[in-house]
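K.L.:
dropping the sequence and predicted coords here.
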Amino acid sequence: IENVPIGLHRKQSLCTIFNFLPTTSTQNNFLRRSKETFQQQTRMATAQIPDKEKNRNRLSKEKSPYLLQHASNPVNWYPWGDEAFKKARDEDKLIFLSVGYSTCHWCHVMERESFENPAIAEIMNEYFVNIKVDREERPDVDRIYMQFIQASSKRGGWPMSVFLTPDLKPISGGTYFPPKDTYNMPGFASVLLTMAQQWTEHRHKMSVAAKKITELLEASCAFDVEIAGRLINGKVPGCEVWDKCQEQMYDQYEPLHGGFSEAPKFPRPSILKLLFHRHVRFPEELDGARSKAMSLHTLDCMALGGIHDHIGQGFSRYSVDSKWHVPHFEKMLYDQAQLAVVYSMAYQLTREQNYEYIVRDLLTYVSRDLSHPEGGFYSAEDADSQVSRSSPEKKEGAFYTWDYDEILQLLKKPLEGRPRYSQGELVCFHYGIKPTGNVKPDTDPRGELLGRNVLTIKNKPFETCDKFGIKFDELRKVIGECKQTLYKERLKRPRPHLDDKIITSWNGLMISGFAKAAFVFNDETYKKRAIAAADFIKKYLYNPINKKLLRSCYTQGGTITQLDHPIEGFQSDYAFMIQAMLDLYECTFEQKYLVWADELQTVQDQLFWDHGYAGYFSTVSNQNNIIRFKDDQDGAEPSGNSVAANNLQRLGMMLDNEEMKNKASLLLASFTSRLTEMPIALPEMVSALLLYHDSPVQVVITGSLENAETSELISVLRKGLVPGLIVMTTGEPDSFVCHKNSAIKKMKPLNGRQAAYVCRGHTCTLPITSPSDLAIQLNV
């Protein structure tokens, strides 16, 4: 299955109510197979894949690439919506809900094995109303039912397979099911028939159980709310949260290869950023030094490993082993975005050029392969692709992996001054490429990578130089030439599927990635790219009348299209776009981005703020969801509440808005129990909590950006890492900032020289005109 990085940590378990229902660990011994069942299984075993052009279900009218992938299944799929819900109620049928995404490897496997199988489709169509959901379009639906799957089975991932009563309450489910019974898993056909039988014979019992399950899910979501009710007027949690988080990070840290688990291993950029924050706060303490070392070691190991695409740039979603060697090859936009930020932070902290190289590497990939011509960013590239242009067969990693002989054949050129060695031999040594392949069987259970090689820097540059008797500059030149040769050769292969859906929240993260890099490296190209993406969102995913965001838009032949009934933005869409606008302001100093951030913050408060217990709900109140929850986990993407906690502090200080600052404290207080019990689940919020107790550092610089003195002062801010640093310019006296923040309006140059004012809490320094004095003040 496509794994989720962190499991739930709940006090209540749902397992006890499933005694009469099949789960992924039972064999359905009570199933009385009738003659018809055996006939169905026989047909299943011999069925041929149907003619896809003759089987077009309701998903053919959708825009989502994932839903369109299933539009030719013989399953009578419905999209999530009223038509499907009404059919289930009218016919009193169970709903089979299948949730996945277009670049999900095991989603493809289950489609080939089960959803394209006419016999299984016949069972599904006869006994169930079948709904297919793109989790990236509808994270709300995914979150609710994933919470159920994780709580009931202690695992989670995609494809997610859930059985619902007609009123959308979950009753049983799992993730991936094989088509037939195996020695340790029930087959999907058996599961379907069992659920149909149970619904026929025990409908009332199942309805009662589903109601109880939903009540338990509601209780688990309400746990923090109950605590928050007693804490709203009290103190925001303090240093005990960091102490607990530090303990949990140390416990989970894997010192040999970095990261915070064994296998599978995810990048976890939110944790890496928190470690940097902790180091900068206490640079002289042992804990601070250890935090820096853990984060840098993890980033170094990732950059060397196979999770990093050494030929085509960018990073894969996660590694299936603990060494970052064999990736799950799909590439997600949100990973590139967050890693661009954290590698930029690493560069600011160390000034080491290899971190700049990685930032430019992954931003090259995004600009080239995940960009719409008008500026938006696509969602992802698949792990699977055709093994050759003449074969319809798809395998994971086919596009990315190499044969040993193939490398030697492509890179025959002898090394300059070392004619007994070829470039191919050097590349094979450097990247650990072997004649029999370098992928161990335990990391490739389906044998798709047999004899293939994943490029990972096995030998350090000095070791390669020693082996082949060359200098480092020559090594760098040879590796660069060879990469170009391999890249051009790889382009001849069938590319993986591109999910060209454009998601607002992920674009917000990527705008922040480009804006951060633009500021740190003073790169005009990155700044223009971030601006283009912001313009795209405003044009296609924002309603200037009601000032609301939409969740996503779609490309068809390059043209931007939208659903007949567009999906409204979720809280994360607002939070990530507000963050993006603050970051974009700090690299352009164009106040229009602050204006938009302020507008979006107002709408976010109106739509999602919990006026009873504080914090933000993830959804508006009028959607077809059985639970309205608050996002309380920084996983592959940060929690919308965590990002909002930072946004409120930044924007509140920029605009001198006490209401925003108070909201930040209420939000942090509302998550007290989660922060004190399992802070490692919310590292982004822990960082916001540290910022709250330290107070953000604000630097206001006077004068025009064209002024050389102003530029020199700003350049100081690029040189070092100051977590939570807020950078502003005064602008014109009648500007938006001066209108909102009267203190900034009073900040003037000193004796004709441009000046910087450094503010913490409610105190600002005297004007600073010397770049070196500013550097001392900020300790950079």
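P.N.:
On my side now, so go ahead.

K.L.:
contact partners for Phe576?
P.N.:
Phe576 sits next to Thr504, Ser505, Trp506, Gly508, Leu509, Ser512, Gly640, Val643 when contact means C-beta atoms under 8 Å, 6 or more residues apart in numbering. Quick note: C-beta positions are derived from backbone N, CA and C, even for glycine.

K.L.:
would you mind giving the residues you listed as TSV with secondary structure and distance to Ser572 added?
P.N.:
Shown next, in TSV, are those (DSSP: H, G, I helix; E, B strand; the rest coil; distance: C-beta to C-beta, whole Å):
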residue	secondary structure	distance to Ser572
Thr504	helix	9
Ser505	helix	5
Trp506	helix	9
Gly508	helix	8
Leu509	helix	10
Ser512	helix	13
Gly640	helix	4
Val643	helix	8
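
K.L.:
and which of those residues is nearest to Val727?
P.N.:
Closest approach to Val727 among these (C-beta to C-beta): Ser512, at 14.3 Å.

K.L.:
could you report the neighbour count for the residue lying closest to the closest one once chain neighbours are set aside?
P.N.:
Distance criterion C-beta to C-beta, 6 or more residues apart in numbering; nearest residue to Ser512, sequence neighbours excluded, is Asp583 at 4.5 Å. By the criterion of other C-beta atoms under 10 Å, Asp583 has 24 neighbours.

K.L.:
go on, the one 10 residues further on?
P.N.:
Tyr593 is flanked by 23 other residues according to other C-beta under 10 Å.

K.L.:
any idea how far Ala517 is from it?
P.N.:
17 Å (C-beta to C-beta, to the nearest Å).

K.L.:
ok, now Pro178?
P.N.:
Separation of Pro178 from Ala517 (C-beta to C-beta) stands at 44 Å.

K.L.:
just Ser770 next, same as before
P.N.:
27 Å.

K.L.:
and the two? Which one has more around it.
P.N.:
Taking neighbours as other C-beta under 10 Å, Ser770 and Ala517 compare with Ala517 leading, 27 against 16.

K.L.:
quick one, what contacts the more buried one?
P.N.:
Counting by C-beta under 8 Å, 6+ apart, Ala517 touches Ala340, Ser344, Val359, Arg360, Leu363, Asp523, Tyr526.

K.L.:
hang on, Pro435 in a strand?
P.N.:
No. Counting by DSSP: H, G, I helix; E, B strand; the rest coil, Pro435 is located in no strand; its state is coil.

K.L.:
could you pull up phi and psi at it?
P.N.:
When read as degrees, to the nearest 10, the backbone of Pro435 gives phi -60, psi -30.

K.L.:
and the pLDDT at it?
P.N.:
On pLDDT, Pro435 comes in at 98.

K.L.:
if you skip the residues just before and after it, what's nearest to it?
P.N.:
Computed as C-beta to C-beta, 6+ apart, the closest residue to Pro435 that is not its neighbour in sequence is Tyr404, at 4.5 Å.

K.L.:
pretty sure that neighbour sits against Lys434.
P.N.:
Yes. Here Tyr404 reaches Lys434: they are 6.1 Å apart, a contact under C-beta atoms under 8 Å.

K.L.:
what do those two both touch?
P.N.:
Counting by C-beta under 8 Å, 6+ apart, the residues touching both Tyr404 and Lys434 are Cys428, Asn453.

K.L.:
the two: which is more packed in?
P.N.:
Between Tyr404 and Lys434, counting by other C-beta under 10 Å, Tyr404 is the more crowded of the two (18 against 12).

K.L.:
and the more buried one, what does it touch?
P.N.:
Neighbour list for Tyr404: Cys428, Ile433, Lys434, Pro435, Thr436, Gly437, Asn453 [criterion: C-beta under 8 Å, 6+ apart].
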